[in-house]
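Undergrad: Turn this into a structure:
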Amino acid sequence: MINIFSTFGFGLLLGIKHAFEADHLIAVSTMLTEQKNPYRAAMIGTFWGIGHTTTLFIVGLFVLILRLSIPEQMAGKLEIFVGIMLIILGIQSIFKKNSIHTHTHTHGDLTHSHQHDNHNHQHRKSFMIGIVHGLAGSGALMILVLSLIQSVLQGIIYILLFGIGSIAGMTLMSLIIGIPFSKSLEKFNRAEKYMRIFMGSISVIFGISVIIAILK
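TA: Below you'll find the predicted structure:
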């Protein structure tokens, strides 16, 4: 029983640690350059974690129930999708004009306009990025689950705890990164443009390096 709880605790801590991997932080940080509210920035990390956990849960069910095995080499090749995603995300960030949209509404003889940032779109985008990361990183996790846990129920609990750890870790890190980002955007009107270009460039470069490392 002690071993089971130790395994569950390890899964939770591993999930938290997993959230701090470089490719995860770069992807989310690139999106945070458009956020002027640190709490909305934290939500981007939360949705990333939910998407990541969704993929792991689905793949985990197949592995645990059907007793499948994911070759480590195949899991490594899936990282190519992460590299491609980072490149696309970086290019979008570099060439995006503005995260603020203005809408004009007419009510009878009165016309007024208001601005809002499309944070719902950002949440969906973050969720999809989390799904890609979950797919790429699922192989090593599933191998670990199969080597330590024989019960399907215990395996599911392990994956969920890993997911909770990754959600908590990424939410916290997104909040920490989002605070200085939001302060910069409040004080400097053109900060968003330069931050997007900087983080977008890092995302593209890192994505290319990931692909090159895998194809060597």
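
Undergrad: where does the chain dip in pLDDT?
TA: Where the chain drops to pLDDT under 70, the residues are 1-4, 69-72, 75, 97-119, 137-148, 186, 189.

Undergrad: Identify the single longest helix in it, thanks.
TA: helix 152-187 (DSSP state H).

Undergrad: The following helix or strand past that one packs against which elements?
TA: The first helix or strand that comes after helix 152-187 along the chain, using DSSP states H and E, is helix 191-215. Judged by 3 or more Cβ pairs under 8 Å, 6 or more residues apart in numbering; DSSP states H and E, helix 191-215 is in contact with helix 22-32, helix 79-95, helix 152-187. Placement of C-beta: from N, CA and C, glycine included.

Undergrad: so how many other residues sit close to the closest residue to residue 24 other than its chain neighbours?
TA: Closest residue to residue 24 apart from its sequence neighbours, by Cβ to Cβ, 6 or more residues apart in numbering: residue 133 at 6.1 Å. Number of residues near residue 133 (other Cβ atoms under 10 Å) recorded here: 29.

Undergrad: Next: residue 190.
TA: Neighbour tally, residue 190, other Cβ under 10 Å: 8.

Undergrad: coming back round to it: would a markdown table of the helices and strands packed on helix 191-215 with distance to residue 59 and mean neighbour count be doable?
TA: Formatted as a markdown table, these follow (distance: least, Cβ to Cβ, whole Å; neighbours: other Cβ atoms under 10 Å):
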| stretch | distance to residue 59 | mean neighbour count |
| --- | --- | --- |
| helix 22-32 | 17 | 23 |
| helix 79-95 | 14 | 19 |
| helix 152-187 | 9 | 19 |
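
Undergrad: which stretch among the ones you listed comes nearest residue 54?
TA: helix 152-187 (8.3 Å; Cβ to Cβ).

Undergrad: Next, the angle helix 191-215 makes with that closest one.
TA: Helix 152-187 runs at 140 degrees relative to helix 191-215, counting by axes from the mean of the first three to the mean of the last three Cα atoms, to 10 degrees.

Undergrad: and helix 152-187, what does it pack onto?
TA: Short answer (3+ Cβ pairs under 8 Å, 6+ apart): helix 152-187 packs on helix 2-19, helix 22-32, helix 38-66, helix 119-148, helix 191-215.
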